[in-house]
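J.: Sequence first, then the predicted structure:
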Amino acid sequence: MSILDAIKQFEMMPDHYKGLSMKEMERRVAAIKEKFGSRLFIPGHHYQKDEVIQFADQTGDSLQLAQMAEKNKDAEYIVFCGVHFMAETADMLTGTDQTVILPDMRAGCSMADMADMQQTNRAWEKLQHIFGDTIIPLTYVNSTAEIKAFVGKHGGATVTSSNAKKVLEWAFTQKKRILFLPDQHLGRNTAYELGIPLEDMAVWDPIQDQLENEAEHNDIKVILWKGHCSVHEKFTVKNINDLRERDSDIRIIVHPECSHEVVMQSDDSGSTKYIIDTVSRAQPGSKWAIGTEMNLVQRLIQEYPDKQIESLNPDMCPCLTMNRIDLPHLLWSLEQIEKGEPAGVIKVPKVIQDDALLALNRMLSIT
Ligand code: 13P
Ligand code: SF4
């Protein structure tokens, strides 16, 4: 289901929550957490706001959050502080007696919405016609459950930014070519890291329904879906050059959703977990410019005052949809649970779930 369809079907938070003081909301959230104990589990992605993260039982990157969901068999309610595709993944990996809730249905992911089923079916048909049965599909977890199901049904797997390399290596043991949905940048950066030259990658344009590159078809090893993250595309080579001109000692670390040029010009790249681990291990006094979402960069700035940390883009890049989850929405969703009327329940239909789980479980077993 696209995020627009999801929004139409679900109840929204009543306005009076916006008028509550932070203190009052914090008090009420803490009281509900206390009351529910282990019946309630709140996972939080690293891009969430501090006002929400303070109540997360566990934080993580996309892979860790999926692994946590798979392991947690106790919680009756999982209030997912992240975006829609993450909550769908959690729903599929948890038991039928567990309820996954997204506090604001508008918390989608523009990248996930860049690949829909009609486009994907059309692309697959055309690509099969061009390349025959030589392609395995992979999808970044930042995709709808339907796309994951398509990938699972065709023998492929999901990937996250922390295991993309391993999953691509596995995929090449299965087929000669990969169709990588929906983030061209993660696909390109990972394939390049595995030694595949850019000339052997082609871009599939789902709007024009065609391959963009004119490369010899026989040489193409990776077909990249023309999708991107609007947050990470805002980090540019100019940002890097400006920083290096200002300070030649600064180390630049970016997320692999950034463009290939930006990743190449940076000192290091990796998932949100990798960025956190790298910066936390760095020497006091070291200087870092980080190319990822602003809530995470700001949290690192606060947590490591002994290091000089800044955003690679001085105009900081927020993920507007991640930021939809705020304290009023968290409180509202918890109070709805307390009333016995949970709102924002994420339920992936079984027919989609069965195939999507094939893709998710392949990833989890490779990782
Ligand atoms: P990771 O947390 O897996 O690095 O993903 C970043 C992201 O953009 C999630 O939407
Ligand atoms: Fe989607 Fe990008 Fe936001 Fe992640 S940061 S949720 S990929 S729009």
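T.: Structure received. Ligands and ions are numbered 1, 2, ... in the order given.
J.: What parts of the stretch 251-367 of the chain come near ligand 2?
T.: Taking Cβ under 6 Å from any ligand atom as the contact definition, the stretch 251-367 of the chain meets ligand 2 at 257, 293, 319, 321-322. Using the backbone N, CA and C atoms, a C-beta is placed for each residue, glycine as well.
J.: which one of those is nearest ligand 1?
T.: Glu257 (5.7 Å; Cβ to the nearest ligand atom).
J.: for that closest one, phi and psi?
T.: Per-residue torsions, Glu257: phi -80, psi -10 (degrees, to the nearest 10).
J.: Roughly how far does the most centrally placed residue in the chain sit from ligand 2?
T.: Central residue of the chain (Cα atoms, centre = their mean): Asn142, 4.6 Å from the mean position. For Asn142, the distance to ligand 2 equals 5 Å [Cβ to the nearest ligand atom, to the nearest Å].
J.: pretty sure that residue contacts Ser110?
T.: No - the pair Asn142 and Ser110 does not pass the contact test of Cβ atoms under 8 Å, sitting 9.6 Å apart.
J.: For the closest residue to Phe172 other than its chain neighbours, give the beta-bridge partners.
T.: The shortest distance from Phe172 to any non-neighbouring residue, by Cβ to Cβ, 6 or more residues apart in numbering, is to Ile178 (7.2 Å). Ile178 has these beta-bridge partners by DSSP bridges: Ile136, Val222.
J.: residues touching the closest residue to ligand 2 within the stretch 251-367 of the chain, list them.
T.: Nearest residue of the stretch 251-367 of the chain to ligand 2: Cys319, at 3.4 Å (Cβ to the nearest ligand atom). Residues near Cys319 by Cβ atoms under 8 Å, 6 or more residues apart in numbering: 47, 231, 293, 295.
J.: Using a markdown table, please lay out those residues together with pLDDT.
T.: Formatted as a markdown table, the contacts of Cys319 follow (pLDDT from 0 to 100):
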| residue | pLDDT |
| --- | --- |
| Tyr47 | 97 |
| Val231 | 97 |
| Glu293 | 97 |
| Asn295 | 96 |
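J.: taking those one by one, which sit in helices?
T.: Asn295 (DSSP state H).
J.: What's the ChimeraX syntax to select whichever of the contacts of Cys319 are buried?
T.: Listed next is the ChimeraX selection for buried residues among the contacts of Cys319, using 16 or more other Cβ atoms under 10 Å:
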select :47,231,293,295
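J.: Lys226 touches Gln184, doesn't it?
T.: Yes - between Lys226 and Gln184 there is a contact at 5.7 Å, judged by Cβ under 8 Å.
J.: helices or strands up against the lengthiest helix in the chain?
T.: Longest helix in the chain by number of residues (criterion: DSSP H): helix 350-366. Under the contact definition 3 or more Cβ pairs under 8 Å, 6 or more residues apart in numbering; DSSP states H and E, helix 350-366 sits against helix 62-71, helix 84-93, helix 145-153, strand 157-159, helix 164-174.
J.: out of these, deepest packed?
T.: Highest mean neighbour count of these: strand 157-159, a mean of 30 (counted as mean count of other Cβ atoms under 10 Å).
J.: partners of that one in the sheet?
T.: strand 135-140 (parallel).
J.: so, in contact with ligand 2 or not, the partner strand?
T.: No - if you take Cβ under 6 Å from any ligand atom as the test, strand 135-140 misses ligand 2, and the best it gets is 8.3 Å.
J.: starting at the chain centroid, how far to that strand?
T.: 16 Å (Cα atoms, centre = their mean, to the nearest Å).
J.: and the angle from it to helix 84-93?
T.: Between the axes of strand 135-140 and helix 84-93, defined by axes from the mean of the first three to the mean of the last three Cα atoms, to 10 degrees, the angle is 110 degrees.
J.: now the residue of the chain positioned farthest from its centre: how far from His260?
T.: Distance to the chain centre peaks in the chain at Glu216, reaching 32.6 Å (criterion: Cα atoms, centre = their mean). Per Cβ to Cβ, to the nearest Å, Glu216 is found 21 Å from His260.
J.: try Asn189
T.: In terms of Cβ to Cβ, Asn189 sits 6 Å off from His260.
J.: swap in Pro43?
T.: 31 Å.
J.: Check Leu364 too.
T.: Leu364 is 28 Å from His260, by Cβ to Cβ.
J.: before we move on, what about Thr158?
T.: Computed as Cβ to Cβ, the Thr158 to His260 distance reads 22 Å.
J.: same check, this time on Lys226
T.: 14 Å.
J.: do the same with Ile136
T.: With Cβ to Cβ as the criterion, Ile136 and His260 are 22 Å apart.
J.: which residues are in contact with both of Asn142 and Ser110?
T.: Cys229.
J.: on that earlier part again, quick one, what contacts the residue nearest to Phe172?
T.: By Cβ under 8 Å, 6+ apart, the residues touching Ile178 are 135-138, 168, 171-172, 187, 191, 221-223.
J.: out of the residues you listed, which one sits closest to Thr89?
T.: The nearest member of those to Thr89, counting by Cβ to Cβ, is Leu138 at 15.2 Å.
J.: per-residue pLDDT, the closest one?
T.: For Leu138, the model assigns a pLDDT of 98.
J.: Next, the contact list for it, please.
T.: 151, 156-159, 167-168, 171, 178-181, 187 are the contacts of Leu138 under Cβ under 8 Å, 6+ apart.
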